[in-house]
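**Q** Starting from these lines, generate the structure:
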Amino acid sequence: MRHTAFLTCLALFAATAARAADSPPAPPAAPPAARPSAIDPKADALLKRMGQTLAGAKAFSFESHSMVDHVLDTGQKVQTARNQAVVVRRPDAVAAKVVGDGIDLRFVYDGKRVVVLNGQTNTWGATDAPPAGGIDATFDALAEKFGLAVPLADLIRADPHKDLTAQARAAQDLGDGWVFDVKCRHLAYRQPGVDWQIWLEDLGDRVLPRKVVITYKELPGHPQFTAFLSKWDLSPTVGPDAFKFEPPAGAKQVDFGPVAPAVIPTDAPKK
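**A** This next block holds a predicted model:
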């Protein structure tokens, strides 16, 4: 995953701001011809159908509940959680609301600028979006200019399958797996620095992600990120104000940058 976003990730929406630099850098990829293929074609075909489902939707919305591990200085592993509601309109609009442990954020990208509102401090920041390239170019700019990795970004990009598998070294189809009462196919992927799993609901004419688990193999305690994805709507009614931002009363504008959530001390490297 390009910025390990989906993989740093899935804590949507970034402005929470998982930094790409917080994850250990991946070793240089070997030339494709030098790597023996360990990709299960059944797994790859199903993930590709999921990518086509999301890429083909002119607009879509979903919700997620995510949990992320933190390793305390004592070595104890604890979890924090958050809920996200996301709406996307291709090619150049994304809005998300994130509420959870130590965080209250709103993220708005309207094709011209990106705005992040921190509800806990009633402050907001904005930055101009690239003039061309839509969602992909904007997410790339956030990562490159601000060190901001947008969780779940891989699902929202123009080619989800390509971005998700860019660093994959192995994949297998583990068969049926259940996410609450939804029967899915359970896929497991490996890449430098992380292992990740995804549960996909195959509805025949479309394939939707229902759960993701990411294991950070090179961080102390091998922390995990888990997200449950629900309420998918591939043809939502998107109102005129969905991607409009008006500062709330008394809100103060600040310089744009990653919003620091309430962080539990960890042994992970920090910038």
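
**Q** Provide the backbone phi and psi angles at R206.
**A** Torsion angles at R206 (phi, psi; degrees, to the nearest 10) stand at phi -160, psi 160.

**Q** What's the local residue count around it?
**A** Neighbourhood size, R206 [other CB atoms under 10 Å]: 16. From N, CA and C alone the C-beta is placed, and that goes for glycine too.

**Q** Which residue lies closest in space to it, excluding its sequence neighbours?
**A** Distances taken as CB to CB, 6 or more residues apart in numbering put T53 closest to R206, at 4.3 Å, once the chain neighbours are dropped.

**Q** Make sure I have this right: that neighbour is in a strand.
**A** No. Counting by DSSP: H, G, I helix; E, B strand; the rest coil, T53 is not found in a strand; it is helix.

**Q** Contact partners for it?
**A** Each residue near T53 by CB atoms under 8 Å, 6 or more residues apart in numbering is listed here: 206-208, 234.

**Q** Can you say which of those residues are buried?
**A** Among the contacts of T53, those that count as buried by neighbour count (16 or more other CB atoms under 10 Å) are 206-208.

**Q** In JSON lines: these, plus distance to R82 and pLDDT.
**A** Listed next are the buried ones among the contacts of T53 as JSON lines, based on distance: CB to CB, whole Å; pLDDT from 0 to 100:
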{"residue": "R206", "distance to R82": "27", "pLDDT": "97"}
{"residue": "V207", "distance to R82": "25", "pLDDT": "98"}
{"residue": "L208", "distance to R82": "21", "pLDDT": "98"}
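
**Q** next structured bit after the lowest-mean-pLDDT helix or strand in the chain?
**A** When the helices and strands of the chain are scored by mean pLDDT, DSSP states H and E, strand 18-19 comes last with a mean of 32. Later in the chain than strand 18-19, the nearest helix or strand by DSSP states H and E is strand 38-39.

**Q** As a check, name the ranges of all helices in this protein.
**A** With DSSP state H as the criterion, the chain has helices at 41-55, 134-146, 153-156, 160-164.

**Q** buried ones in the first one?
**A** This means helix 41-55. 43-44, 46-51, 53-55.

**Q** Same list, the residues you listed, but as TSV with distance to P248 and pLDDT please.
**A** Formatted as TSV, those follow (distance: CB to CB, whole Å; pLDDT from 0 to 100):
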residue	distance to P248	pLDDT
A43	45	97
D44	45	97
L46	43	98
L47	40	98
K48	42	98
R49	41	98
M50	36	98
G51	37	98
T53	35	98
L54	31	98
A55	34	97
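
**Q** okay if I get those as CSV plus distance to A129?
**A** Formatted as CSV, the buried residues of helix 41-55 follow (distance: CB to CB, whole Å):
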residue, distance to A129
A43, 34
D44, 32
L46, 33
L47, 29
K48, 29
R49, 30
M50, 27
G51, 24
T53, 26
L54, 21
A55, 20
